[in-house]
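Participant: For reference, the sequence and a predicted model appear below.
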Amino acid sequence: LFSDVDSKNIYLCPYGTNKLIAHDAEKKASSALKIVYVGNITAMKGIYYLLEALKNFEPSKVKLTLVGNYDNSDGIFDKYMEQNQFLGLLTPDKLATIYSNCDVMVFPSLGDSFGQVVLEAMHFGIPVICSTNAGAVDIIKDHYNGFIVPPGDTQAIQEKIQWFLDHKEKMSLMRKNAYHTAEKYSWQEYEKKVVCAMEEILSI
């Protein structure tokens, strides 16, 4: 490992997440593919690459909703405002409504320790396109509950979005897989893993 820590001294204790409302893994996709991003809308989150990828799709076919804090005082997002919906920060109940009406999450972060919103979305039966630079990529399996893409790769994001447009008949199963994946990551399971790790460390 880059940190020179022996792998036997590393204990993985994946976070859990809170369910906002009951999921609906059977929801039907609309004529337009509804994509959601949740998090700070900054360069480090890879937002530029996501917004650029969306420019290659007709607004009637793909709709992007961005939820999270952003600063447009310098007009940097002006050219993206017409095609995409910037909602800013939302309360949990309003965010739950957004999740309930979306088909896919894109999490293109250039650097993220995990990304709790990935688990949140998956609890709503939402497949995730996730970059390899987010810790949450560990729970994503290609063609099962989402897709993995390189960080900063607009073309890769575009290709995966196109896949969802071309294979809408497969999305119902992917939604179920996303939900069942998220179910494994509760705070109770996190607590058990932390306790087991501490007990093992103290017994050495």
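Facilitator: It's in. Numbering: from 1, shown residues only.

Participant: number of nearby residues for Lys34?
Facilitator: Neighbours of Lys34 under the rule other Cβ atoms under 10 Å: 17. Every C-beta, even on glycine, is put in place using the N, C-alpha and C of the backbone.

Participant: should've said Val38
Facilitator: The number of residues packed near Val38 is 24, by other Cβ under 10 Å.

Participant: nearest residue to it other than its sequence neighbours?
Facilitator: What sits nearest to Val38 in space, not counting adjacent residues and going by Cβ to Cβ, 6 or more residues apart in numbering, is Val117, at 4.2 Å.

Participant: Surely the one you found touches Met105?
Facilitator: Yes. Applying Cβ atoms under 8 Å, one finds Val117 in contact with Met105, separated by 7.4 Å.

Participant: Does the residue nearest to Val38 belong to a helix, a strand or coil?
Facilitator: Put simply, Val117 is helix when judged by DSSP: H, G, I helix; E, B strand; the rest coil.

Participant: The chain: strands as residue ranges?
Facilitator: 33-38, 62-67, 85-88, 104-107, 128-131, 146-149 (DSSP state E).

Participant: and the residue lying closest to Ile126 once chain neighbours are set aside, what does it touch?
Facilitator: In this structure, Ile126 finds its nearest non-sequential neighbour in Met105, 5.1 Å apart by Cβ to Cβ, 6+ apart. By Cβ atoms under 8 Å, 6 or more residues apart in numbering, Met105 lies in contact with Ile35, Val36, Tyr37, Val38, Val117, Val118, Ala121, Ile126, Pro127, Val128, Ile129, Gly146.

Participant: So what pairs up with Met105 in the strands?
Facilitator: Val36, Val128 (DSSP bridges).

Participant: Return the distance of the residue nearest the centre of the chain relative to Thr91.
Facilitator: For the chain, the residue nearest the mean C-alpha position is Val118 (3.6 Å; Cα atoms, centre = their mean). Distance of Val118 to Thr91, computed by Cβ to Cβ, to the nearest Å: 20 Å.

Participant: Quick one: the helices in the chain, in order.
Facilitator: With DSSP state H as the criterion, the chain has helices at 47-54, 92-100, 116-123, 154-166, 171-183, 187-203.

Participant: With distance to Leu66 and mean pLDDT added, can I get those helices in a markdown table?
Facilitator: Shown next, in a markdown table, are the helices of the chain (distance: least, Cβ to Cβ, whole Å; pLDDT from 0 to 100):
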| stretch | distance to Leu66 | mean pLDDT |
| --- | --- | --- |
| helix 47-54 | 8 | 97 |
| helix 92-100 | 10 | 93 |
| helix 116-123 | 12 | 93 |
| helix 154-166 | 14 | 97 |
| helix 171-183 | 20 | 95 |
| helix 187-203 | 27 | 80 |
